[in-house]
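Novice: Whatever this is, show me its structure:
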Amino acid sequence: MQKAEKGQGPELSGVGLHIGIVQARFNADITDALADACKEALLDLGVQEENITLVQVPGALEVPMGLIALAERDEFDALVALGCIIRGETYHFELVANESGAGVTRVGLDYGIPIANAILTTEDLSQAIARQTEKGRDAAYVAVEMAQLLTDLAPSE
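Specialist: Alright, predicted model coming up:
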């Protein structure tokens with residue numbers, strides 16, 4: 001659902017935020033484009049380049065473990081999951097899509113850290129190409145918005 005109505009969010013500022021990105025290398029042309037768009041949007045939002053950490057893992061199933069490694073460092077305000085799963089002729093697509101998605105969600109809930117999930121699940125390569133830039137940028141915006149939200153909702157000391 002490209003160009004979906006996403007509603008009006010708050011004014012976003014990434015100034016002072018530390019963002020970690022875990023990128024799957026499988027389907028690297030797509031995931032590289034996702035990462036480039038995400039990093040560009042984070043910079044546009046005011047996140048300093050030195051406050052953006054990018055790690056790569058082999059594929060989408062390994063993304064949650066990469067997220068755990070970053071979450072355990074306790075230095076990030078939000079994380080981003082990037083990957084691309086393209087449907088094939090076997091059940092493997094469903095397995096990878098479902099398990100990677102569930103893993104990303106679990107890491108966020110277990111560690112109390114927002115994670116923008118931009119692991120694409122598409123029917124074919126053309127759908128992935130059509131989404132790579134928009135979804136990479138969307139992930140940056142989600143990460144910054146959720147980091148701001150959790151800061152705003154944190155109990156005052």
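Novice: which residues of the protein fall in helices?
Specialist: 28-44, 63-71, 92-111, 125-153 (DSSP state H).
Novice: how about TSV for those, with mean pLDDT, distance to L17 and mean neighbour count added?
Specialist: From N, CA and C alone the C-beta is placed, and that goes for glycine too. Formatted as TSV, those follow (pLDDT from 0 to 100; distance: least, Cβ to Cβ, whole Å; neighbours: other Cβ atoms under 10 Å):
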stretch	mean pLDDT	distance to L17	mean neighbour count
helix 28-44	97	8	20
helix 63-71	98	14	21
helix 92-111	93	16	16
helix 125-153	95	5	19
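Novice: ok, the residue positioned nearest the centre of the chain to I30 distance?
Specialist: Residue closest to the average C-alpha location in the chain (Cα atoms, centre = their mean): V80, at 2.7 Å. Distance check for V80 against I30: by Cβ to Cβ, to the nearest Å, it reads 15 Å.
Novice: Same check on G9?
Specialist: Counting by Cβ to Cβ - G9 and I30 are separated by 26 Å.
Novice: check contacts around N51.
Specialist: Shown in contact with N51 (Cβ atoms under 8 Å, 6 or more residues apart in numbering): 16-19.
Novice: Restricted to strands, list the residues you listed.
Specialist: I19 (DSSP state E).
Novice: quick one: which of the contacts of N51 is most hemmed in?
Specialist: Neighbour counts for the contacts of N51 peak at I19, which has 28 neighbours (criterion: other Cβ atoms under 10 Å).
Novice: gap between stretch 40-59 and the chain center?
Specialist: Here stretch 40-59 is found 10 Å from its chain centre; the criterion is Cα atoms, centre = their mean, to the nearest Å.
Novice: re earlier: turn the helices of the chain into a markdown table, columns for distance to V55.
Specialist: Output for those, formatted as a markdown table (distance: least, Cβ to Cβ, whole Å):
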| stretch | distance to V55 |
| --- | --- |
| helix 28-44 | 11 |
| helix 63-71 | 5 |
| helix 92-111 | 14 |
| helix 125-153 | 15 |
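Novice: Indicate which one of these is closest to C84.
Specialist: helix 28-44 (4.1 Å; Cβ to Cβ).
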